[in-house]
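# Take this sequence and fold it.
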Amino acid sequence: MLIDGRTTQTEVTGMSDSNLLNLRDIDRVEIVLGPSSTLYGANAFSGVISIQTIRPSLDGHQARFALDSGVGFGNNGRDDRSYRYGPIVGAHGEYGYGWGKGGFRLSVGSQYQPSLGFEATPLPKPSHRTIEKISGMFDVVQAHQKWDFRAQIMASAKQGSTTLFSASDVLQQDYSLNLNADGHDLAAAGDRLTINTWRAPTS
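Residues are numbered from 1 along each chain as shown. Modelled structure (predicted):
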């Protein structure tokens, strides 16, 4: 999976992670089926999902604010006898300004997801989980006669707690910096910090 041409795979697990991205920052999603390693690298042997984010507007002021709500239900990919359900609420705001040949866009979003569930394995027991997430993106573009320059900074922080086995807190922070000129990456950097703290459950 790519976000604006840059892979989202983590160095530790090799799995794609989209925590940096807010759904309201997505402009379009392109799916390429079949082997594509020649164009996208060795990990694209079965296909590619390419996510393109919204580019800053080059004309005037833009501002938007939105509230989201929903309900989630599933089993987290675990045993079929396990399940989890709960509400999802979120807020998102953005502001942008364009000056003809360039512009910037600032986007910030948050999400709160409490859930109740039942874990069938390894020991049957009820479980409660809460996830809080905030993500932000700052995007700048500048057009010239022969090339276009784009700089992106994306960051997110996610905190979760669960009563499965014992109480736990997980704090995950991600950031990404991308510099691009005329479709070619000038620099890219990213990192992840995950902190796990365990404490005895309270009865």
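
# While we're on the residue lying closest to Thr53 once chain neighbours are set aside, how confident is the model there?
Using C-beta to C-beta, 6 or more residues apart in numbering and skipping the chain neighbours, the partner closest in space to Thr53 is Asp25 (5.0 Å). Every residue, glycine included, has its C-beta placed from N, CA and C. pLDDT for Asp25: 91.

# quick one: Asp25 and Pro56 touch, right?
No. Counting by C-beta atoms under 8 Å, Asp25 stays clear of Pro56, with 11.4 Å between them.

# What distance do you get for the residue nearest to Thr53 to Phe65?
Per C-beta to C-beta, to the nearest Å, Asp25 is found 14 Å from Phe65.

# who's more crowded, the two?
Higher neighbour count among Asp25 and Phe65: Asp25, with 22 against 9, using other C-beta atoms under 10 Å.

# From Gly5, how far out is the residue nearest to Thr53?
Remark: distance between Asp25 and Gly5 (C-beta to C-beta) = 15 Å.

# OK, contacts around Tyr40?
Leu2, Val32, Val48 (C-beta atoms under 8 Å, 6 or more residues apart in numbering).

# Each with direction, which strands does the helix or strand hosting the last one pair with?
Under the criterion of DSSP states H and E, Val48 resides in strand 47-53. Partners of strand 47-53 in the sheet, by DSSP bridges, are strand 2-3 (parallel), strand 26-33 (antiparallel).

# Which residues does that strand contact?
For strand 47-53, using C-beta under 8 Å, 6+ apart, the contacting residues are 1-5, 18, 21, 25-36, 40, 137, 139, 152.
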